[in-house]
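**Q** 3D model of this:
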Amino acid sequence: MLQSVILFGLVGLALVACSEAPPARQPDTTSELATSFEPVVLSPRQAQMWSRSCALCHVDGTAFAPRMGVDEEWAQRLAQGQDVLLQHTLEGFNDMPPLGYCMACEREDFIALIEFMSQIGGSP
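**A** Modelled structure (predicted):
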């Protein structure tokens, strides 16, 4: 299962890197995280962090985690603002473990990872 999640994540990253630029998204005025029209691209280090921690739950919605790119699952969370999302990530919240299993992540990594998961793809 873990291999499938990692493979899915790597394929997704490859598709994002190789695809044409997506149409500009409208800014979400309720979120401090959604401040850019450009898709979030993770550094190779962050991509590795994502595949080893975030992907475990955020690819298929394990334990009610919001799935990558599913706007409706992220909307309420993003509306709470960056500080609340970071607090939930750092301290844990509901079924989310503290630090989301990413012991090597820094504050900037968490911000990038949250933006990546909440913006990639988008819902139809």
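**Q** And residue 100, its phi and psi?
**A** The phi/psi pair for residue 100 (degrees, to the nearest 10) reads phi 50, psi 30.
**Q** Then the one 3 residues further on?
**A** Per-residue torsions, residue 103: phi -70, psi -20 (degrees, to the nearest 10).
**Q** could we number from 234 for the rest of this?
**A** Right, with 234 as the first residue, what we last looked at is residue 336.
**Q** how close does it get to residue 344?
**A** Look at residue 336 and residue 344: by CB to CB, to the nearest Å, they are 17 Å apart. Any C-beta I mention is one placed from the backbone N, CA and C, and that applies to glycine too.
**Q** Mind checking which of these two has more residues around it?
**A** For residue 336 versus residue 344, the count of surrounding residues by other CB atoms under 10 Å is larger for residue 344: 18 against 9.
**Q** The more buried one contacts residue 316, correct?
**A** No. Under the criterion of CB atoms under 8 Å, residue 344 lies out of contact with residue 316, with a separation of 10.8 Å.
**Q** what sits against residue 325?
**A** Shown here is residue 325, whose contacts under the criterion CB atoms under 8 Å, 6 or more residues apart in numbering are 331-332.
**Q** Against residue 316, how distant is it?
**A** Taking CB to CB as the criterion, residue 325 is separated from residue 316 by 16 Å.
**Q** For stretch 317-324, output the C-alpha coordinates as PDB.
**A** C-alpha atoms of stretch 317-324 as PDB (Å, rounded to 0.1, in the frame of the first residue of the first chain):
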ATOM      1  CA  VAL A 317      -4.900  27.600  12.800                       C
ATOM      2  CA  LEU A 318      -3.800  25.200  10.100                       C
ATOM      3  CA  LEU A 319      -0.200  25.400  11.300                       C
ATOM      4  CA  GLN A 320      -1.300  24.900  14.900                       C
ATOM      5  CA  HIS A 321      -3.300  21.800  14.000                       C
ATOM      6  CA  THR A 322      -0.400  20.500  12.000                       C
ATOM      7  CA  LEU A 323       2.200  21.100  14.700                       C
ATOM      8  CA  GLU A 324       0.000  20.000  17.700                       C
END
